[in-house]
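> The following comprises the amino acid sequence and a computationally predicted model.
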Amino acid sequence: MLESLEKMLAKGVDNSLLRFGLGKGYLDRKDNPRAAEHLHKCVEFDPTYSAAWKLLGKAHAGLGDSAAARLAWERGIEAALAHGDKQAEKEMAVFLKKLDRQA
């Protein structure tokens, strides 16, 4: 699946959904740097995409960058609140609490 998404990107197709798919795919493969790259682009296209913020935070956490993870989840909670996305809001709040306990 990632290969076909990468081919679409190479052909000039570029949007939030494509970047989300690439980011999630690379995150699933534990390729945090590439996941973060695509998820950053995704939220540039659509800053209200709460699911992308959630995964971006996970990618940053996987890279050991707690500050960037925190920022992504805080922005994600703002996006989730704006859209009434309660589940994403709750999940990111839990991730932030875990970060606080680790600090």
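Looks like it came in fine.

> where does Gly21 land on pLDDT?
What the model reports as pLDDT for Gly21 is 98.

> Please read the previous query as pertaining to Lys98.
96.

> Which helix or which strand is home to it?
Here Lys98 sits within helix 86-102, counting by DSSP states H and E.

> Show residues contacting that helix.
Outside helix 86-102, the residues that touch it by Cβ atoms under 8 Å, 6 or more residues apart in numbering are 50-51, 53-54, 57-58, 61, 66, 69-70, 73-74, 76-77, 80-81. To be clear about C-beta, it is placed using only N, CA and C from the backbone, and glycine gets the same treatment.

> from these, which two are the most distant?
Spatial extent of the contacts of helix 86-102 (Cβ to Cβ) is set by the pair Ser66 and Leu81 at 22.3 Å.

> that older thread, any idea which of the contacts of helix 86-102 is closest to Tyr26?
Out of the contacts of helix 86-102, the member with the shortest distance to Tyr26 (by Cβ to Cβ) is Lys58, at 11.2 Å.

> Next, the contact list for Trp73, please.
53-54, 57, 92, 95-96, 99.

> at 6 Å what do you get?
Counting by Cβ atoms under 6 Å, 6 or more residues apart in numbering, Trp73 makes contact with 57, 92, 95-96.

> Buried among those residues? Make that a ChimeraX selection.
Restricted to buried positions by 16 or more other Cβ atoms under 10 Å, the ChimeraX selection for the contacts of Trp73 reads:
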select :57,92,95,96
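
> okay, the contacts of Trp73 in CSV with distance to Ala35 next?
Below are the contacts of Trp73 laid out as CSV (distance: Cβ to Cβ, whole Å):
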residue, distance to Ala35
Gly57, 11
Met92, 16
Phe95, 15
Leu96, 19
